[in-house]
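Trainee: predicted coordinates and the sequence they were generated for:
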Amino acid sequence: METRKIQQVSNGTFTVSLPREWADGEGITAGTVVDLHTHLDGMLVIQAPECEDDASMQFTVTVDGGDGDGGGGDGGDDSAGDGLEQTLRAAYAAGSKQVVVEADGTFDAAQRQAVRRVARNLVGVTITEESDASVTVRNVLDANEVSIRQSVRQLQFVAVSMHRDATAALTGAAPLDGFAERDDRADRLFAMVDRHFTRGLDRLDEVDALGETRPELFRLHTAARELERVADQAERIAAVASAVPDPLPPAVADEVSELAEVVPEALDDAVQVALDGEDPDAAREALSARDRVREGVGKVERRLFEEADPDVDVDHRFAHALHALERTAEHVGNVAEVGLRTAVRTHNMDERPTRENGSESESAEHSQRA
């Protein structure tokens, strides 16, 4: 750490000199405009302006091309397309603004499909230039146009919808419909939140544009990750429901339906507290709901696999679905814990005894007086 003495110029403005080594390293010279970020804790941060040709913001990747026929015939090498898609998704998550993909030859069909799939499935990504041997992929979404809180809410709605449909299919209450599209939407929403969170770690102006503090952004990102995992668990339940020819036995199906219905309300309460920090009792209720679901799933598993009629063959894949339901409850609990942390930071944590505890305290006090 270095210290600098504050100076005052003739017009009353306070000035302070910048360390020369830092300025040289950031490419700052006389006349450069820097960003000043003031924080509620009294801290002032000076940051160099974002450079559009910064290597962290845009880069070029070279892939092995085809034989010049555009990848016709066998459709190209799927593994090459998968590798390219993974690279582009990683660049998106890392916060890069532009990726130029160059082929050593010409792109095959699988590679072109991979680039277009990324542009279609990631929010804000578009193909700005395309030729036989080069494709430029750019993110055009401005952080000022993004609401992380609204994105978390949307992700919650999608995850709950997937959960309800998957468990309904598992119990034979309703068929699956439009599930894959919602799964893709959940992935898109989380990828966007993840991207802006990562950029917020590097750039304070990104945080300013999002309208969130860094601690808030971290909590929202944590909640979004748990919601994305709720969607993943719903996908696993749906996979079992689609693969197993017969639904759960009626009595067990009713129990599973009751347990599954605990999740949406608990998740709504947990997300609300995570967003605003108010009503921490709602987060505690969500944690209690998590425990009820875990205990209930354990009972269902024992009844289904340990206490069942040995002459009745129960498909073991139901165990995978029940485990996914249990994991869903765990993710709900994780969101509730984020909510409690938010309540602490917003000074909304109320440690007054609950009604039940209060009654017990009053009874004890009455007994002592007697």
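Mentor: Yep, it's here.
Trainee: packing partners of the strand or helix carrying residue 265?
Mentor: Element membership for residue 265 (DSSP states H and E) is helix 250-276. For helix 250-276, the packing partners by 3 or more Cβ pairs under 8 Å, 6 or more residues apart in numbering; DSSP states H and E come out as helix 148-170, helix 214-243, helix 280-301, helix 317-345. No exception for glycine: its C-beta is placed from N, CA and C like everyone else's.
Trainee: closest to residue 30 out of the ones you listed?
Mentor: Closest to residue 30 of the helices and strands packed on helix 250-276 is helix 214-243 (Cβ to Cβ; 30.9 Å).
Trainee: hmm, back to that, with mean pLDDT and distance to residue 176 as new columns, can the helices and strands packed on helix 250-276 be given to me in JSON lines?
Mentor: Below are the helices and strands packed on helix 250-276 laid out as JSON lines (pLDDT from 0 to 100; distance: least, Cβ to Cβ, whole Å):
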{"stretch": "helix 148-170", "mean pLDDT": "96", "distance to residue 176": "5"}
{"stretch": "helix 214-243", "mean pLDDT": "95", "distance to residue 176": "6"}
{"stretch": "helix 280-301", "mean pLDDT": "96", "distance to residue 176": "21"}
{"stretch": "helix 317-345", "mean pLDDT": "96", "distance to residue 176": "13"}
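Trainee: so can I have a markdown table of those showing distance to residue 180?
Mentor: As requested, those are exported to a markdown table (distance: least, Cβ to Cβ, whole Å):
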| stretch | distance to residue 180 |
| --- | --- |
| helix 148-170 | 10 |
| helix 214-243 | 9 |
| helix 280-301 | 26 |
| helix 317-345 | 17 |
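Trainee: so which of the ones you listed comes closest to residue 89?
Mentor: helix 214-243 (14.1 Å).
Trainee: in that closest one, what's buried?
Mentor: 216-241 (16 or more other Cβ atoms under 10 Å).
Trainee: can you spell out which helices and strands pack onto it?
Mentor: helix 148-170, helix 179-202, helix 204-210, helix 250-276, helix 317-345.
Trainee: let's see that with 6 Å instead.
Mentor: Packing partners of helix 214-243 (3 or more Cβ pairs under 6 Å, 6 or more residues apart in numbering; DSSP states H and E): helix 148-170, helix 179-202, helix 317-345.
Trainee: for residue 2, find the nearest of these.
Mentor: Using Cβ to Cβ, the nearest of the helices and strands packed on helix 214-243 to residue 2 is helix 179-202, at 22.9 Å.
Trainee: including mean neighbour count, could the helices and strands packed on helix 214-243 go into CSV?
Mentor: Listed next are the helices and strands packed on helix 214-243 as CSV, based on neighbours: other Cβ atoms under 10 Å:
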stretch, mean neighbour count
helix 148-170, 22
helix 179-202, 20
helix 317-345, 22
